[in-house]
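J.: Curious how this folds, go ahead:
(one chain, ligands or ions: 2)
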Amino acid sequence: MKAAVLEAIDAPLRVEELELDEPKSGEVRIRIVACGVCHSDYSYMKGILRMPLPAVPGHEAGGVVEAVGPGVQGFAPGDHVIGVLTPNCGVCDMCRENKPFLCIKMMATMGNGTMLDGTTRLHRGGTHVHHLCGIAAFAEHAVVPAGSLVKIEKDVPLETVCLIGCGVTTGVGAVLNTAQVKPDTTVAVLGCGGVGLSIVQGARIAGARTIIAVDPVAAKRELAQTLGATHAIDPAAGDVAKAVKKITGLGVHYAFEAIGRVDTIALCYAMLRPTGLAVAVGVAPPADEVRLRAGGLLQQKALIGSAYGSAVPSRDIPLYVDLYRRGELKLDQMITHRIALDQVNDAFETMVHGQGARSVIVFG
Ligand code: PAD
Ligand code: ZN
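T.: Ligands and ions are numbered 1, 2, ... in the order given. Below you'll find the predicted structure:
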């Protein structure tokens, strides 16, 4: 089968033929129908996030079940599924606390680039090829842990709802689960890519009265306004915290960072009203330090991270599919490029140059 392989940090992906094993116990083989291109894939390509190489990236996947391994329940060939970032092993301490978004087994699938048993199903000749997030969906087919899939109804297009696999669950979940944004509040969103635009939509769904979108790219600010933002700020135009306070008076109740930089995380904290909450959704380089003014603590301002939108995937993904079906979650508008696997490197060029929101690879 064809797959896009990351050979080395900073190298472009190369589309080539790989061998894929049959699913082992607790695993499922799927045909990938579509996969969104997320900034986290790019962070692995640039070495900001690390995993063993060679590897197949791609984790925002929609697909169809082809085969189930021994012991798998609840999936059958032909089922439509969305891949999730966390395998939800169901038995670790975090899963038992109903926090599958921090499943301890996730460390193995993300850090080692393997299946849950520590081995890979992808090979090239005698070489093991690793799986990003246990999903590795920049490929025609994938073997994934059954706990990394959520079954969905067949009436929605996988070419669109694949976005729910990462960006949407991360962004909407950061609003509804992590921050639990209350109606009639004020929200700022820094960064309006696939994740930030999902935060904007989550804030609209939560009933926020003011939603301020911040992005240097004019087209992204405009898109954010069609998806629910009430105001937009160009960070190149001056002091963003000041501009936010000009709109809101005291500052915002909630500020979300969806870029992945420590300076913009600190900026989120700076634009809060007393007792406000800043949420770091973007993944900054793990060793970087966030510097905050201590005075903000006396105003009871808080800062929290958000992993995969604090999602319980089996509960949240069907909910987001339903919001899409009802027209409340506008996913088609977020997809600005539909491409073939061979064009995957162009999608990262598009991303870093700020052209368009989400690119989706559609398989033939
Ligand atoms: P993206 O590259 O599509 O969007 C980033 C946006 O930020 C772009 O629109 C940029 O124009 C904008 N931007 C750049 N600089 C600034 C600035 N100074 N001020 C305001 N906006 C700016 O990325 P994405 O939406 O795919 O991902 C965003 C982050 O979220 C990224 O760090 C990714 O790794 C992270 C992520 N986190 C999780 C999680 O579980 N926490 C999951 C998925 C993605
Ligand atoms: Zn992602």
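J.: mind listing the strands for the stretch 151-300 of the chain?
T.: Applying DSSP state E, counting those that start in this stretch to the stretch 151-300 of the chain gives strands spanning 186-190, 210-214, 231-233, 252-257, 272-280.
J.: Those strands: which one's closest to Thr127?
T.: strand 272-280 (36.6 Å; Cβ to Cβ). Just so you know, the C-beta spots here come from the backbone N, C-alpha and C atoms, and that holds for glycine as well.
J.: what's the distance between the lowest-mean-pLDDT helix or strand in the chain and the middle of its chain?
T.: Of all helical and strand segments in the chain, the minimum by mean pLDDT, DSSP states H and E falls on helix 105-107, at a mean of 79. Chain-centre distance of helix 105-107: 16 Å, with Cα atoms, centre = their mean, to the nearest Å.
J.: And for stretch 307-318?
T.: Centre-to-centre, stretch 307-318 and its host chain are 11 Å apart (Cα atoms, centre = their mean).
J.: Which positions in it come out as buried?
T.: 307-313, 316-318 (16 or more other Cβ atoms under 10 Å).
J.: Do it and ligand 2 come into contact?
T.: No: counting by Cβ under 5 Å from the ion, ligand 2 has no neighbours in stretch 307-318; the shortest distance is 8.7 Å.
J.: Now do the next helix-or-strand element following the least confident helix or strand of the chain: which elements does it pack against?
T.: Sequence order places strand 122-124 as the next helix or strand after helix 105-107, per DSSP states H and E. Packing partners of strand 122-124 (3 or more Cβ pairs under 8 Å, 6 or more residues apart in numbering; DSSP states H and E): strand 19-20, strand 127-131.
J.: could these go into JSON lines alongside distance to Ala270, mean pLDDT and mean neighbour count?
T.: Shown next, in JSON lines, are those (distance: least, Cβ to Cβ, whole Å; pLDDT from 0 to 100; neighbours: other Cβ atoms under 10 Å):
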{"stretch": "strand 19-20", "distance to Ala270": "48", "mean pLDDT": "98", "mean neighbour count": "16"}
{"stretch": "strand 127-131", "distance to Ala270": "39", "mean pLDDT": "96", "mean neighbour count": "20"}
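J.: Now the residue of the stretch 201-350 of the chain found nearest ligand 1: closest residue in space that isn't a chain neighbour?
T.: Residue nearest to ligand 1 within the stretch 201-350 of the chain: Gly260 (2.5 Å; Cβ to the nearest ligand atom). Counting by Cβ to Cβ, 6 or more residues apart in numbering, Gly282 is the residue found nearest to Gly260 once chain neighbours are left out, at 3.5 Å.
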